[in-house]
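**Student:** coords please:
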Amino acid sequence: MGLRFTTRASDSPWVGSVWTCTSDRVTEMTSVAAVSWGLVFFEQEGRAYASVSGPETGTGVAPVPEGAAFVGIEFAVGTSLRAVPTPALVDAGVDLPDATRRTFLLAGERWETPGPDDAEALVERLVRAGAIVRDPLVAEILRGGRPDVTERTVERRFRAATGLTRGAVRQIGRARTAAGLLAAGVPVADAVGKLDYFDEPHLARALRRYVGRTARQLREGTGGALALDLGQPTS
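**Tutor:** Below you'll find the predicted structure:
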């Protein structure tokens, strides 16, 4: 009962991960903060749907279509959908019209609906068509580079590309990693030290804000359906 995830990494520099999920006797879930945008496809009772998901700055409660099967592409931080600026997607999303089991409509064109094994092929086509772009300065920053521009310019371009500040991206990513560690049985004190939280209360506040769970709930797997694959590898 709940949400059953599978998630895999990608060798595409444009893709963060590809995931699938099925829902079983669950009608709502806790949404989790996320640092990037994505494409989501699902089928329910023979009907197909497609949407663009945006970065999320916190948690909330979201409905779950019962008995649905999902395929999702989480894009790398710093990529952007040319037709919809990423800042406009923060804490929001866009339902794509006229989706079928075979195709969906995006940026005025029809594209083949991907399965989990051919997500990268779709992304390559979108990149070649110019539907997906990225700021090279932001990509350099994320690789640890130090571009020769002012801090103000860095922050402005980072926010324009991602919809978030660099600090928010770090905090959200760290909380999601902490959730995975705790769900895997890592002691709270070890997670605090590994991820450089000040102390356990600092970790607890981050989990509450960005994951919507306590450390105990994560260890015990309680609290209801969670929109996060806690089985994926953690850094």
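
**Student:** how about the strands in this structure?
**Tutor:** Chain-ordered strands for the chain, with DSSP state E as the definition, fall at 2-9, 15-24, 28-31, 38-44, 47-53, 60-63, 69-75, 79-81, 93-96, 103-106, 109-112, 132-134.

**Student:** shaky segments in this protein?
**Tutor:** Judged against pLDDT under 70, the low-scoring parts of the chain cover residues 1, 232-235.

**Student:** Point to the residue nearest the middle of it.
**Tutor:** Most central residue of the chain, judged by C-alpha distance to the mean C-alpha position with CA atoms, centre = their mean, is A34 at 4.6 Å.

**Student:** From S36, how far out is the closest residue to V90 other than its chain neighbours?
**Tutor:** With sequence-adjacent residues excluded and distances taken as CB to CB, 6 or more residues apart in numbering, V90 is closest to G163, at 4.1 Å. C-betas here are computed from N, CA, C, even on glycine. In this structure, G163 and S36 are 9 Å apart, going by CB to CB, to the nearest Å.

**Student:** Now do the shared contacts for the two.
**Tutor:** Shared contacts of G163 and S36, defined by CB atoms under 8 Å, 6 or more residues apart in numbering, comprise P55.

**Student:** which residues sit against the longest helix along the chain?
**Tutor:** Taking residue count as the measure and DSSP state H as the definition, the longest helix of the chain comes out as helix 166-183. Counting contacts by CB under 8 Å, 6+ apart, the residues outside helix 166-183 that touch it are 32-35, 57, 77, 141, 154-155, 158, 162, 164, 188, 190-191, 194-197, 203, 206-207, 209-211, 213, 215, 218-219, 221, 228, 230-235.

**Student:** ok, the residue nearest to G115 when sequence neighbours are not counted to W111 distance?
**Tutor:** Setting aside the residues directly before and after it, G115 is nearest to V71 in space (CB to CB, 6+ apart), at 6.3 Å. The gap separating V71 from W111 is 13 Å, by CB to CB.

**Student:** Perfect, I'm done here.
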